[in-house]
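Next come a sequence and a model predicted from it.
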Amino acid sequence: MNLYRRARNILWRLSIKGLPRGPHVTRYSMYRQLTLVGDSLQNKSGRILSISHSTNLVELLGLQPIELVEANYPDADMASLAFDDNAFDFVLSDQVLEHVEANPRAAIDECLRVLKPGGYAVHTTCFINPVHDVPKDFWRFTPDALKFLHRHFGEILECKGWGNFEVWSFVKDGLRFTGVPEVRWHPLNRVAVKNNPLWPIVTWIVARK
C-alpha cells in the first residue's frame, strides 16, 4: 500500500472508531438479505450440513440445528459427499462453490441428492472478484448461472447478486475485511448497501428440493 492509500486507511479507521460494525463490505448486504430470507423459511429446524466452514450461515438464517454436520475441505469434497440420500434438511456453503475442483454441476447435484424432500440449499459465491487461491480458484457465477445449476430443484426462493464500482476504492484503501459501520451516514455503509445488478461482486441462491 502506497503512502497515499496508507493515509486514507488511517483516516477511514479513525472515522469508524467506536461505531458498531457489521460484516465487511462485500458481505454486508448479502448477509442482511439472507437474514431476511431466514425469517421467511417455513421450517428452521433439522439436520444441517455445513460445507467447508460455512457454519456462520446457521446463525444468519436463524436455523435451529437438531444436528450440525461439518464437511470441510480437504477431508470432504462438495462434488462427492459421503452421505446417504435424503440425509439433511439444510445444505449450506458460503463462498465455497468457486473453489470446487470439479464440475460445479456435480457439486450442486450432490447437494440435491443429500437433501430431504422439502429441504433447503443455501449457497453464496462470487462473480466479480480477484483470484483468491484457498487453495485454488476455478469458477465465477452470475445469478442466472446459479439458477441454471439449481434447475432440478423444486423451487428457487431467492437468487440475487450485490456489487458496485465504488467498493473497489475502499478495497484499495485496505478496508476489504473491515466491518461496515452500522450508521447510514458513513460512506462505507453507503457503498455497502448500494447495488448495481449489472456488476455483482457476490451472488447467492436459496433453493428448496
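That came through, no problem.

For the protein, just list every one of the helices.
For the chain, applying DSSP state H gives helices covering 3-16, 28-40, 56-61, 104-114, 143-149, 167-172, 187-193.

Dump the fifth one to PDB, restricted to CA.
This points to helix 143-149. Extracted C-alpha coordinates of helix 143-149, given in PDB (Å, rounded to 0.1, in the frame of the first residue of the first chain):
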ATOM      1  CA  PRO A 143     -27.400 -15.200 -10.600                       C
ATOM      2  CA  ASP A 144     -28.500 -16.800 -13.900                       C
ATOM      3  CA  ALA A 145     -25.800 -19.400 -13.600                       C
ATOM      4  CA  LEU A 146     -26.900 -20.300 -10.100                       C
ATOM      5  CA  LYS A 147     -30.500 -20.700 -11.300                       C
ATOM      6  CA  PHE A 148     -29.300 -22.900 -14.100                       C
ATOM      7  CA  LEU A 149     -27.400 -25.100 -11.800                       C
END
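
Pick out the residue nearest the middle of the protein.
Thr124 (3.1 Å; C-alpha atoms, centre = their mean).

for the nearest residue to that one once chain neighbours are set aside, what are its contacts?
Excluding its sequence neighbours, the residue lying closest to Thr124 (C-beta to C-beta, 6 or more residues apart in numbering) is Trp204, at 4.2 Å. All C-beta spots, glycine's among them, are computed from the backbone N, C-alpha and C. Trp204 makes contacts with 30, 33-34, 122-125, 146, 158-161, as judged by C-beta atoms under 8 Å, 6 or more residues apart in numbering.

Serialize these to CSV and add fields for pLDDT.
Output for those, formatted as CSV (pLDDT from 0 to 100):
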residue, pLDDT
Met30, 98
Gln33, 98
Leu34, 98
Val122, 98
His123, 98
Thr124, 98
Thr125, 98
Leu146, 98
Glu158, 97
Cys159, 98
Lys160, 98
Gly161, 98
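
In the chain, which strand is the longest?
strand 115-126 (DSSP state E).

can you redo the helices of the chain as a markdown table with distance to Asp89 and mean neighbour count?
Below are the helices of the chain laid out as a markdown table (distance: least, C-beta to C-beta, whole Å; neighbours: other C-beta atoms under 10 Å):
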| stretch | distance to Asp89 | mean neighbour count |
| --- | --- | --- |
| helix 3-16 | 38 | 13 |
| helix 28-40 | 14 | 17 |
| helix 56-61 | 12 | 18 |
| helix 104-114 | 10 | 20 |
| helix 143-149 | 20 | 17 |
| helix 167-172 | 34 | 17 |
| helix 187-193 | 31 | 18 |
